[in-house]
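> give me coordinates for this.
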Amino acid sequence: MKIENICVVGAGLMGGGIAQVFAQSGMTVTLHDENGDALEKARRNIDWSVGKLIEKGRLKAAKKTILERIRYTKDLETASSAELVIEAVFENLELKRTLFQRLDEVCPSDTFLASNTSSLPITELAAATRRPEKVLGLHFFSPVPMMQAVEVVRGLSTSEAVMAMGVAVVERLGKTPIRVESDIPGFLLNRINLVSYVEAIRLLEQGVATAEDVDRGVRSAFGRPMGPFETGDMVGLDVSYHALTSIYRESRDDRYYPPQLLRRKVRAGHLGRKSGQGWYAYDENGNRR
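This is a model prediction of the structure:
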């Protein structure tokens, strides 16, 4: 089950990061997106990120060697040559189900299909295919090149052999696989993290502390590199909102109901670094003002 050829579908922040780490680990990668501008932006971001990692001594391979392992395409048919396809499109169940149906048609029956979803049920995505035992979750965290944990999520039909393959792939990337044995909403780590994020927002709404003081306190007291609001801006407020909404709809657990301030910010287009305004304001280079 050694994997050498990967296809990543979706060239956003997560998809580009996933393609990058596979290329850094010596595998051949096809990065697909229907949007040519998204592909070009991903190409620039990967070029910059790989260059920075080499500059800091974290990568030993030549930049050109790593970058040449990635092919950029708008043609989904190219997924047919991959042994593992990882979906990283927008967090919408129907969109993802439609994509999995298409991948099931395009890819040979022995191709493994994975989703990078942070909250949607792997079982429902697998049910859109004729190979549910070969479908699993591979949930990377942002920024992908820096974050070590990857959740390996078992759907209701995912075989143990496919789970073992997922663990081996994550280890080959030099990352830490976290097995999630039950396909619950939000999986494992987001169930823990999002509760604290919601509480931080509620404390901000109540005027208990500023976003800056919450972030400073979390960094200082808990040893985290970033506070909840800094992390929220990096991930995207819309991404967190959709994850919370998905978990709440499935579980009806009030701990995951998106706070009013988060809902208002998403509707106002204050999505974090990518929009220039979130919990903090950013310049055109993504630096905090």
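> can we go C-alpha only for contacts and neighbour counts from here?
Will do.
> next up, the contacts around residue 276.
270, 282-284, 286 (Cα atoms under 8 Å, 6 or more residues apart in numbering).
> sorry, wrong one. I was asking about residue 153.
The contact partners of residue 153, by Cα under 8 Å, 6+ apart, come to 122, 136-139, 163, 179-183, 187.
> by neighbour count, which of the residues you listed wins?
In terms of neighbours by other Cα atoms under 10 Å, the contacts of residue 153 top out with residue 137 at 32 neighbours.
> part of a helix, is residue 142?
No. Judged by DSSP: H, G, I helix; E, B strand; the rest coil, residue 142 forms no part of a helix; its state is coil.
> which residues touch the lengthiest helix in the chain?
The helix spanning the most residues in the chain, taking DSSP state H as the definition, is helix 36-55. Contacts of helix 36-55 with the rest of the structure, by Cα under 8 Å, 6+ apart, involve 11-13, 16-17, 20, 31-33, 59-61, 63, 67, 72-74.
> which ones among these map onto helices?
Per DSSP H, the contacts of helix 36-55 map to helices at 13, 16-17, 20, 63, 67.
> how about a markdown table for the residues you listed, with neighbour count and distance to residue 253 added?
Output for those, formatted as a markdown table (neighbours: other Cα atoms under 10 Å; distance: Cα to Cα, whole Å):
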| residue | neighbour count | distance to residue 253 |
| --- | --- | --- |
| 13 | 19 | 29 |
| 16 | 26 | 33 |
| 17 | 24 | 32 |
| 20 | 27 | 36 |
| 63 | 16 | 47 |
| 67 | 18 | 44 |
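> greatest separation within the residues you listed: which pair is it?
Distance extremes for the ones in helices among the contacts of helix 36-55: the farthest pair is 13 and 63 at 19.8 Å, using Cα to Cα.
> quick revisit: let me know the closest of the ones in helices among the contacts of helix 36-55 to residue 6.
residue 20 (11.1 Å).
> what sits against that closest one?
Residues in contact with residue 20, defined by Cα under 8 Å, 6+ apart, are 46, 50, 70, 145.
> and the pLDDT at the first one?
Each residue has a pLDDT score; the one for residue 46 is 98.
> ok, now the last one?
Here the pLDDT value assigned to residue 145 is 96.
> do you know how far it is from residue 23?
The spacing between residue 145 and residue 23, counted by Cα to Cα, to the nearest Å, is 11 Å.
> residues near the residue nearest to residue 277 when sequence neighbours are not counted, how many?
In space, and not counting its chain neighbours, residue 277 is closest to residue 270: 5.0 Å by Cα to Cα, 6 or more residues apart in numbering. When neighbours are defined as other Cα under 10 Å, residue 270 has 22 of them.
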